[in-house]
Structure formats: structure tokens, C-alpha cells
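[1] sequence-free structure coming up:
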């Protein structure tokens, strides 16, 4: 190795260290080889390389040869876009962004987020949820503040009044806040300025489940007794995905990296051609039931014989019919079931070679207590599958998938029953009586997968952002033990694959054409 090469290596390593990044030896050699053939000064080329690297989501500050190779390919125009067709994103890799109401921009929260947060982390959870919807609401034409303080401009305007400013205000006012129960049996509305008792007995509500912790927009009047009488109540209006993206351009909420205009164009063209791509999604794959393996064998045999095997199989928990804890289950036995599952799938060579396989844990699978987000299944179990399927992917719950330009969120939780049970007022039957449609309306308008009270569904405070649905994704899979359902709402496709173990139901989804096939054995 010549002196000139060593000098370039030291220079490159130093430039990357200034950004808090370290190159492996193979990655460093790749950078130096690129510098040898690049046009322009070394400083300019290194700056271009680091700028391109900022667009790539990194799971570590140590850069491997593969990561550098992807960036170099993008710089030279040799990107293989087909390799970016499908990417699985673990919840614990999703970057966190908070809203600055003064500058009116989102900023990235740097550094590693602790699992065990302090009291301020819990307060930040509620504040961040409210500010996310507040910044979305001000862009709605009905709630935008009038440009001029003239009576004519206020006609038809629903300007939001802070709760602190209600005292002394006569007549009806629009307010926004979180439904909370500060005292047993007494509900309050809270925003960042104050909290006030509310009376929902006369409220006319919109579609959705109104539970404690949901954020609402309400019209009402402050009574002499200090109680805010609500007459009209609904969720903050949903914003079109394109509007959200335009307002937050360059912010990687999803965790799959920011796509350039060229990448979006190229991937969009490939997506239109991928009309035969299919995702097969199964929930409640109980491995301790012999009937489950019989039904899986039938499905795998069928798809093994088709002209094009599905591009993705998603297996969602629970993977056992009983809660997996030390008191009630033999973990060695469950481990053997995973070995059997891996062996069964591997016996279908076309699926093994041509399909991606993703495993997502359920709420009662081995792992930490019933808290969200849940990490991937422990390696004690997954190693049994990897022996047969080296490319199997074990991800968190919830999990995100980027398919070309589409964003897909998968969530396995029995949330429908608990949402219905936790309602502070009965759901409206004016537009629909279908509980699943009420659930879809709730999670999309709240931009959150689980807007239940933390006492009902605990959430890791510092990772609440992994449950956000902002900007609204193209597809949301709400896997639940309830019956199989599909509902397309405001441009978003939502479906529940049903319980495979109970009734043999599953979903065959074609993302390129947005077709959902309700399937069953």
C-alpha cells in the first residue's frame, strides 16, 4: 500500500469521524477506490459522499462495505432500484421527530433513546401527540386562523380557542384537547394551557371510538359552573398524505429513508410493472395446534404450484394458543414447533428461494410484558427457523414495510374489543355500525395505532413515536382476533386478516393494484 493511498485513507477516516461515523476497513478501501476514479477535488467528493449518506437510514455509526456501496452506487447512477423494492423496518429503528411550535418545524431527536424513561418522557408522550395533530389542524381551511380580524372573514371559521382563554368568553367556542379522567368518573379536556371539566351528555359525535386519551375537536359553551358543555364533538380532520409530505418535506417519519425525486420516479415505474407481486398475511399462527400445521401445509403446497410465488409471507402471532410465560408454558416445546415450521417452509424450494418471510410477535408471545412496541421474538426460538431459512426476517410489533414507493404498517394487537369497552360515550351509528370502520376512523384521525389509556395498554414512553401514523401510510394491517375485515378509508387501505388458527382466514394482498383478497380454508 503506497504512501498516497494511506494518506487518503487517513483523510477519509478523519472526515467521517467529524460526523461521528466510523468506516470498517473494507468500507474505507471502497471510499479510497472511489476517490481514485472520481472527478474533482478530494474534499468536494468526500462532501458529496457524506451528503448522500445523510439520506440513508443508519442502524449504527459503524459503516459497513454494503452501506458505503449503496451510497457510491447512488452517486454514480448505478443504483439497482429492484433491490429497494421491499424493505422491512423494525420499530426500534424508526427515527424520532418532535415538533417545535415556535419555529413550526420538526426536528430529529438525536442520541439513543432509553427504554426506561423518566417522568418528563411520559409528559412528552402526551405533548408530542397533541402538537402533532395541532400542526396538522392549522392547515385545515375550516380551522385556519383568519388573516384579518374582520367580522366577514370570521364567517364559517372554526378558530380554536385555548382552554386557558375560555374564562370570560361568552357564546359557543371551538376547542381542542385530550380527553382525560383526572378524577374518578369525571372527564376533563386538557391542552397545553389548562384543563377543564367537560359534559359530553348532549354531544353529537362523528364516527370513531371516543376513549380516554383520544384528542378531540369540540364545539361548546362554558357554563357558569365552570363545566364546558359540548354540543359537537369529533376527531381532528384527516389530512391528505400529499399535503403532509409537502409540509414536512425531507423528514423521514417512516424510517425507510427519504427518497429523492429520481428514486421516487424510478421506483414508481417499477411498482406499476409489479402487478403480480402478492403478500400473504396470516395472523394467530398457533404452532401448538396440529390443525395449524395442516392448514399451513395446504397453503404452502398451493402457492408452491402457482406460476409466480408470493413475494412476501407475513406470519403474525400469537404463535401459541396460550400466553407464553414461565408459569404456563414449556419453552423447549415451543422451540421445537418453530423448528418444525422452518422445516415445513424449507421443504417448498420455490417459496424458500423466491419469497421473503417475515415473523412478527403477538401480544402473548415470548418476550417482555404486554407493552408496545414489542421487540422481535427471542433468538432462542428464531434460531430454529434460521437453521432452515437463513433469510427469514424477525421484526418488531408494530412493523413497517416499504414496498417501492408505498408505506405499509403491520400491527398485531387485540385492540378492537378494548376500544369498544373503553368508550366514554357510545359510538355514533349515523354513518356506520361496523366496529372495524369505527376503529379505522379512530387510528387514522388520531395518527396513532393505539390511542388507548396507558393503564389499559402500556407503551414505552420514549418509543411512542413508533406507533404514529403520520403521514398517513398507504396500507394499515390491523391484525386482531376478531372477524376478517377490509375497509378503504380516505385513500388508505385497512384490513384485518382474521384469526388463522380459529377460522382459517388470511389475506392475499396485491400492493401494486391495491387489491385485497379475503381468503379462507
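    Received it, and whenever you're ready, just let me know what you need. This is a predicted model, so every value here is computed, not measured.

[2] how about stretch 87-99: buried residues?
    Neighbour counts over stretch 87-99 (16 or more other Cβ atoms under 10 Å) mark 87-97, 99 as buried. Backbone N, C-alpha and C define where each C-beta goes, glycine included.

[3] what separates that stretch from the chain centre, distance-wise?
    8 Å (Cα atoms, centre = their mean, to the nearest Å).

[4] where does the closest residue to residue 254 other than its chain neighbours land in three-state SS?
    Using Cβ to Cβ, 6 or more residues apart in numbering and skipping residues adjacent in sequence, the residue nearest residue 254 is residue 407, 5.2 Å away. Secondary structure, DSSP: H, G, I helix; E, B strand; the rest coil: residue 407 is strand.

[5] I'd guessed residue 407 sits against residue 253; true?
    No - if you go by Cβ atoms under 8 Å, residue 407 and residue 253 don't touch, sitting 9.2 Å apart.

[6] Give the residues shared as contacts by these two.
    Common contact partners of residue 407 and residue 253 (Cβ atoms under 8 Å, 6 or more residues apart in numbering): none.

[7] Adding secondary structure, write the buried residues of stretch 87-99 out as a markdown table.
    Formatted as a markdown table, those follow (three-state DSSP):
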| residue | secondary structure |
| --- | --- |
| 87 | strand |
| 88 | strand |
| 89 | strand |
| 90 | strand |
| 91 | helix |
| 92 | helix |
| 93 | helix |
| 94 | coil |
| 95 | coil |
| 96 | coil |
| 97 | strand |
| 99 | strand |
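
[8] out of the residues you listed, what pair is the most spread apart?
    88 and 99 (27.5 Å; Cβ to Cβ).

[9] Pull up the distance across stretch 181-201, start to finish.
    Separation of the first and last residues of stretch 181-201 by Cα to Cα, to the nearest Å is 16 Å.

[10] Any buried residues in that stretch, and which?
    187-191, 196, 198, 200.

[11] now stretch 212-221
    212-220.

[12] Let me know the closest of these to residue 399.
    Nearest member of these to residue 399, counting by Cβ to Cβ, is residue 213, at 23.1 Å.

[13] Touching, the closest one and residue 178? I think so.
    Yes - here residue 213 reaches residue 178: they are 6.5 Å apart, a contact under Cβ under 8 Å.

[14] Any idea which helix or strand in the protein has the lowest mean pLDDT?
    helix 151-154 (a mean of 48; mean pLDDT, DSSP states H and E).

[15] Following the chain past it, name the next helix or strand.
    strand 173-183 (DSSP states H and E).

[16] Wait, a helix at residue 353?
    Yes - when three-state DSSP is applied, residue 353 is found to be in a helix.

[17] And for it, the neighbour number?
    When neighbours are counted by other Cβ atoms under 10 Å, residue 353 registers 9.

[18] can you offset everything so residue one is 811?
    Got it, first residue is 811 now, which makes that one residue 1163.

[19] Between which two of the buried residues of stretch 991-1011 is the distance greatest?
    The two members of the buried residues of stretch 991-1011 with the most space between them (Cβ to Cβ) are 1001 and 1010, at 16.7 Å.

[20] In strands, which of the buried residues of stretch 991-1011 fall?
    Among the buried residues of stretch 991-1011, DSSP state E puts 997-1000, 1006, 1008 in strands.

[21] Just put these in CSV and tack on distance to residue 1227.
    Listed next are those as CSV, based on distance: Cβ to Cβ, whole Å:
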residue, distance to residue 1227
997, 22
998, 26
999, 26
1000, 27
1006, 31
1008, 26
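
[22] As a markdown table, those with distance to residue 1224 and pLDDT would be great.
    A markdown table is the format used below for these (distance: Cβ to Cβ, whole Å; pLDDT from 0 to 100):
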| residue | distance to residue 1224 | pLDDT |
| --- | --- | --- |
| 997 | 25 | 95 |
| 998 | 28 | 97 |
| 999 | 29 | 97 |
| 1000 | 28 | 97 |
| 1006 | 34 | 96 |
| 1008 | 29 | 96 |
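
[23] just curious, which of those residues is nearest to residue 1194?
    Nearest to residue 1194, judged by Cβ to Cβ, of those is residue 1000 at 48.0 Å.

[24] I'd guessed that closest one sits against residue 988; true?
    Yes - if you go by Cβ under 8 Å, residue 1000 and residue 988 touch, sitting 4.9 Å apart.

[25] any idea how far residue 1173 is from residue 1270?
    The gap separating residue 1270 from residue 1173 is 14 Å, by Cβ to Cβ, to the nearest Å.

[26] show me where pLDDT drops low in the stretch 811-960 of the chain?
    811, 867, 869, 887-894, 956-960 (pLDDT under 70).

[27] now the strands for it?
    832-833, 872-873, 896-900, 907-910, 915-918 (DSSP state E, counting those that start in this stretch).

[28] Number of residues surrounding residue 1043?
    Residue 1043: 23 surrounding residues under other Cβ under 10 Å.

[29] per-residue confidence at the nearest residue in space to residue 1212 that is not next to it in sequence?
    Closest residue in space to residue 1212, ignoring its immediate chain neighbours: residue 1066 at 3.9 Å, by Cβ to Cβ, 6+ apart. We have a pLDDT of 89 for residue 1066.

[30] Need phi/psi at residue 1066.
    Main-chain dihedrals, residue 1066, degrees, to the nearest 10: phi -100, psi 10.

[31] bridging residues for residue 1328?
    residue 1317 (DSSP bridges).

[32] got a pLDDT number for it?
    The model's pLDDT for residue 1328 equals 96.

[33] now do residue 1139
    68.

[34] follow-up on the earlier one: out of the strands of the stretch 811-960 of the chain, nearest to residue 935?
    strand 907-910 (11.0 Å).

[35] now for that closest one, which elements pack on it?
    Taking 3 or more Cβ pairs under 8 Å, 6 or more residues apart in numbering; DSSP states H and E as contact, the helices and strands that strand 907-910 lies on are strand 915-918, helix 929-947.

[36] Identify all contacting residues around the first one.
    Defining contact as Cβ under 8 Å, 6+ apart, one finds that strand 915-918 is touched by 905-910, 1058, 1061.

[37] and if you look at stretch 868-885?
    For stretch 868-885, contacts defined as Cβ under 8 Å, 6+ apart pick out 826, 830-834, 836-837, 840-841, 844, 858-859, 862-863, 865-866, 889-890, 903.

[38] which one is residue 1050 nearest to, not counting chain neighbours?
    Nearest residue to residue 1050, sequence neighbours excluded (Cβ to Cβ, 6+ apart): residue 1301, at 7.2 Å.

[39] now residue 1216
    Take residue 1216 and drop its neighbours on the chain: the residue closest to it by Cβ to Cβ, 6+ apart is residue 1284, 4.5 Å away.

[40] Show the contacting residues for the one you found.
    1051, 1216-1218, 1301-1303, 1321, 1324.

[41] what about 7 Å?
    By Cβ atoms under 7 Å, 6 or more residues apart in numbering, the residues touching residue 1284 are 1216-1218, 1302-1303.
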